[in-house]
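1. I would like the atomic coordinates for the input below:
(one chain, ligands or ions: 2)
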Amino acid sequence: MIKLDKVSKKFATGTLALSEVSLLVDKGEFIFLVGPTGSGKTTLFRLLIRDTLPSEGSIFINEFDVVKLSKGKLSSFRKKIGVVFQDLKLLADRTIFENVVLPLEVSGENAKKVSQRVEEILRQVGLLEHKDKFPIQLSGGELQRTAIARALILSPEILLADEPTGNLDAATSWEIVKILSDINKMGTTVIMATHNVDIVKSMNKRVVHLDKGRVIKEEKGHHEEKKHEEKHEEKHEEKEKKHEEHVEQKDQEGQEKDEKSQKEEKKE
Ligand SMILES: Nc1ncnc2c1ncn2[C@@H]1O[C@H](COP(=O)(O)OP(=O)(O)O)[C@@H](O)[C@H]1O
Ligand SMILES: [Mg+2]
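-> Ligands and ions are numbered 1, 2, ... in the order given. Next comes the predicted model:
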């Protein structure tokens, strides 16, 4: 779970990038973070990975108090969150395989396991055949998928994707969103920052609107609403059942009482 409470971020330049943002994200949710350029989307992501600290407010991610995180806990904390950066941050002089393997190499696993894991994740994003190519040899969509693969290599609980469809055509954008959606269905919490109105509308997920550093609106996706309705119905059914049971029990109690009093009457 992610919990932000009245988080503000004022940069040294004086810019107030975020202002009293409160947000609760459940495990397994898929959320769109939307808002015009400069509204604070990237800053919010930077705060979530503790790339920068808030000026005010608290941030909790699972058991981690992100603001007070000790240096010793930083690396285990960062493993929980995968990030697809707005500018991808791929290394031009490394192959796709080498770019994706980077976070694993530092974790010191054996070579065969590492290579298997990279191939598994490259297959998942449809890039296995490109593994020995360099970034310059790939299309925009393929580069985006490379960055997604690298973000997922340590099996994080949370995936942050910063405008992953920003420079892509509609068809390729949908491919990327499909990949993120599949990842989410397997249990990873996904937060995607985007401007893409078509995608946001069609996906029916929860949408958090940022403007000038403030959350100005939140919309619940239809899926969530449905779930809510279902829960409501369930509760209603449960109540009815309980009521019936209660009535039955009362009837029985009543009968027993009647029998008792009849017996007592007889005695008298
Ligand atoms: N490192 C920084 N130093 C100073 N100002 C920054 C810095 N990063 C972002 N900003 C400012 O904070 C605001 C929010 O930026 P950002 O989070 O990048 O927005 P978005 O990702 O929604 O486009 C903008 O006004 C931006 O210029
Ligand atoms: Mg941004």
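2. Contacts only, for the residue in the stretch 51-200 of the chain that ligand 1 sits nearest to.
-> Closest to ligand 1 within the stretch 51-200 of the chain is Ala193: 6.6 Å, counting by C-beta to the nearest ligand atom. From N, CA and C alone the C-beta is placed, and that goes for glycine too. Applying C-beta atoms under 8 Å, 6 or more residues apart in numbering to Ala193 gives the contacts Phe32, Leu33, Val34, Lys41, Thr42, Leu44, Phe45, Gln86, Leu160, Ala161, Asp162, Glu163.
3. how about a markdown table for those residues, with pLDDT added?
-> Formatted as a markdown table, the contacts of Ala193 follow (pLDDT from 0 to 100):
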| residue | pLDDT |
| --- | --- |
| Phe32 | 98 |
| Leu33 | 98 |
| Val34 | 97 |
| Lys41 | 97 |
| Thr42 | 97 |
| Leu44 | 98 |
| Phe45 | 98 |
| Gln86 | 92 |
| Leu160 | 98 |
| Ala161 | 98 |
| Asp162 | 98 |
| Glu163 | 97 |
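4. neighbours around the residue nearest to Phe97 when sequence neighbours are not counted, how many?
-> For Phe97, ignoring the flanking residues on the chain, the nearest one in space by C-beta to C-beta, 6 or more residues apart in numbering is Lys131 at 4.3 Å. Look at Lys131: counted by other C-beta atoms under 10 Å, it has 20 neighbours.
5. Next: Asp5.
-> Counted with other C-beta under 10 Å, Asp5 comes out at 14.
6. tell me which element it falls in.
-> strand 2-10 (DSSP states H and E).
7. Give me the contact list for that strand.
-> Outside strand 2-10, the residues that reach it (C-beta under 8 Å, 6+ apart) are 16-25, 40, 43, 47-48, 52, 54-61, 158, 189, 213.
8. Buried members of those into ChimeraX, please.
-> In ChimeraX, this line selects whichever of these come out buried by 16 or more other C-beta atoms under 10 Å:
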select :17,18,19,21,23,25,40,43,47,48,54,57,59,60,61,158,189,213
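9. Could you report the pLDDT at Lys113?
-> As predicted, Lys113 sits at a pLDDT of 88.
10. Please give the number of neighbouring residues around it.
-> Neighbours around Lys113, by other C-beta under 10 Å: 10.
11. Surely it is in a helix?
-> Yes: checked against DSSP: H, G, I helix; E, B strand; the rest coil, Lys113 lies within a helix.
12. Now do the contacts for Pro54.
-> So Pro54 contacts Val7, Ser8, Lys9, Leu18, Leu47, Val67 (C-beta under 8 Å, 6+ apart).
13. So of those residues, which two are at opposite extremes in space?
-> Largest separation among the contacts of Pro54 by C-beta to C-beta: Leu18 and Val67, giving 13.6 Å.
14. pLDDT averaged over the host helix or strand of Ser22 - what is it?
-> In this structure, Ser22 sits in strand 16-25 according to DSSP H and E. Per-residue pLDDT over strand 16-25 has a mean of 98.
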